[in-house]
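In: Predicted model and sequence follow; I will ask about them next.
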Amino acid sequence: MSHGSHRISSKKHIAVLGSGGWGSVIARIIARNVLHLKRFHPIVKMYVFEEFIDGRKLTEIINKEHENRKYAPGYKFTKNLVAVSDALDAAKHADIIVFVVPHQFVDNLCKSLAGRIRPNAIGISLIKGFDIKTGGGIELISHIISTKLLIPCHVLMGANIAGEVAAEKFVCTSTLGCKYKARGSFLKDLFNTPHLKITVVADEDTVEVCGALKNIVATGVGFIDGLEENNRYKEAVLRLGFMEMVQFVDVFFPGGNISTFFESCGIEDLIVTSFAGRNRKCSAAFVKTGKTFKELENEMLNGQKLQGPPTAVEVAYMLNSKDMTNKFPLFTVIHQICTGKKPAKALLKCVDDNIARRVYLPKNLIP
Ligand SMILES: NC(=O)C1=CN([C@@H]2O[C@H](COP(=O)(O)OP(=O)(O)OC[C@H]3O[C@@H](n4cnc5c(N)ncnc54)[C@H](O)[C@@H]3O)[C@@H](O)[C@H]2O)C=CC1
Ligand SMILES: O=C(CO)COP(=O)(O)O
């Protein structure tokens, strides 16, 4: 099998940009799938942010031992997965580019690719978070990718904890947001396995916004855990948080479907992240130890990155600039706690003040 850049007929070349916990697990799935899907090229290139592990390059370890010993230990890749330390090397000949770096690195990644990838490539983003726009707004990561690289970019978000998906002890689902039906079912095959069932919806923006916002709510659930408070508070944070997610999409990303919130990317991802995610774990420790999120990320996550606290900053930036913080009290107080402006107990008061809030009825979402 050649690892070179020459093309085999019209088989689609795949690149996965990112090799953290989720990046490695999803690249492993794709590399396995393309071996039996004839329309895809059998070599999958994965961009690895280069690091040294015991004096050896991570790319070298992955290519020799077929395992990402740092971010997905114990899970072997098939030999058709090739790790490269240069994102452009991975992406320049790709027809389908899977973006799966932590959202804080998207801008730099796009800079390294702009104008140098195939003009008819298709992107698919698994990245949860937003980008801050000058002038008070926020932008979806898939839109940033689309705008900077001049390619369409669809999304895949769902209730997927990387280690659980890799272990294949039970069946998980994930939601592919793709507004083109035929393309959606084409892309679905890359990710679908007997243990990861992909459903496709056309409502791309709602899928992506759900994926980003649930990390803020999960951060709030972690604060309740850290405070060792009654489960009643946790349930209320989940309910109020879910309502703010619906309201946020209704106000800022109108035109989506209310049903999308009941897909894997919505309520299910919110629940799984709030129970089993890194955001929850680190925000509980934030309350218990008094350390900063940066310190906790370094101490607890072995190179993995938190998405909830920076997403809270991005959302607060927009709510502040639009003078709408009072309409999103939960997102607002979680941001204030993350940034040290308020103590964690302020979340309890926020819940008490809003517990009787009536159901938010969307005005701009359709069934
Ligand atoms: N881990 C999970 O269970 C899931 C994660 N996601 C999302 O996937 C995206 C990627 O997350 P993970 O794969 O979990 O990553 P991760 O948080 O496990 O790992 C961090 C990654 O960032 C890389 N990195 C560090 N500094 C960098 C830099 N300056 N430039 C580029 N890369 C750098 C590290 O080498 C590593 O590959 C995130 O948006 C996350 O929310 C989505 C679903 C599940
Ligand atoms: O996005 C995730 C689950 O779908 C992962 O959540 P954490 O980043 O909190 O681990």
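Out: Nice, I can see it. Ligands and ions are numbered 1, 2, ... in the order given.

In: near ligand 1, anything from stretch 186-195?
Out: No - taking C-beta under 6 Å from any ligand atom as the criterion, stretch 186-195 and ligand 1 are apart, separated by no less than 11.8 Å. The way it works is simple: take the backbone N, C-alpha and C, and place the C-beta from them, glycine included.

In: And that stretch, what's buried?
Out: Phe186, Leu187, Lys188, Leu190, Phe191, Asn192 (16 or more other C-beta atoms under 10 Å).

In: Dump those residues to TSV, plus pLDDT and secondary structure.
Out: TSV is the format used below for the buried residues of stretch 186-195 (pLDDT from 0 to 100; DSSP: H, G, I helix; E, B strand; the rest coil):
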residue	pLDDT	secondary structure
Phe186	96	helix
Leu187	97	helix
Lys188	98	helix
Leu190	98	helix
Phe191	98	helix
Asn192	98	coil
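
In: Out of those residues, which is nearest to ligand 2?
Out: Nearest to ligand 2 out of the buried residues of stretch 186-195 is Phe191 (C-beta to the nearest ligand atom; 13.7 Å).

In: so what's the closest residue to ligand 1 within the stretch 1-150 of the chain closest to, chain neighbours aside?
Out: Going by C-beta to the nearest ligand atom, ligand 1 is nearest to Gly20 of the stretch 1-150 of the chain, at 2.2 Å. Leaving aside its chain neighbours, Gly20 sits nearest to Tyr71 (5.0 Å; criterion: C-beta to C-beta, 6 or more residues apart in numbering).

In: Now do the same contact list for the closest residue to ligand 1 within the stretch 251-367 of the chain.
Out: Distances between the stretch 251-367 of the chain and ligand 1 by C-beta to the nearest ligand atom are smallest at Gln304, namely 3.5 Å. By C-beta atoms under 8 Å, 6 or more residues apart in numbering, Gln304 lies in contact with Gly20, Gly21, Tyr71, Arg278, Glu297.

In: Could you pull up the residues touching the first one?
Out: Contact partners of Gly20, counting by C-beta under 8 Å, 6+ apart, are Tyr71, Val100, Val101, Pro102, Gly303, Gln304, Lys305.

In: Now name the helix or strand holding the last one.
Out: Here Lys305 sits in a region with no helix or strand, counting by DSSP states H and E.

In: and this protein, what are its domains?
Out: 12-168, 206-354 (automatic domain parsing).

In: anything in the last one near ligand 2?
Out: The one in question is domain 206-354. Yes - using C-beta under 6 Å from any ligand atom, domain 206-354 reaches ligand 2 at Asn215, Ala218, Asp269, Val272, Thr273, Gly277, Arg278, Asn279, Gln307.

In: tell me which of these is nearest to Leu109?
Out: Gln307 (15.4 Å; C-beta to C-beta).

In: gap between the residue in the stretch 151-300 of the chain that ligand 2 sits nearest to and Asp225?
Out: Nearest residue of the stretch 151-300 of the chain to ligand 2, counting by C-beta to the nearest ligand atom: Gly277, 2.5 Å away. Distance, Gly277 to Asp225, using C-beta to C-beta, to the nearest Å: 12 Å.

In: Ok, Glu263 next?
Out: In terms of C-beta to C-beta, Glu263 sits 26 Å off from Asp225.

In: Which of the two has more residues huddled nearby?
Out: Between Glu263 and Asp225, counted using other C-beta atoms under 10 Å, the more crowded position is Glu263 (26 against 21).
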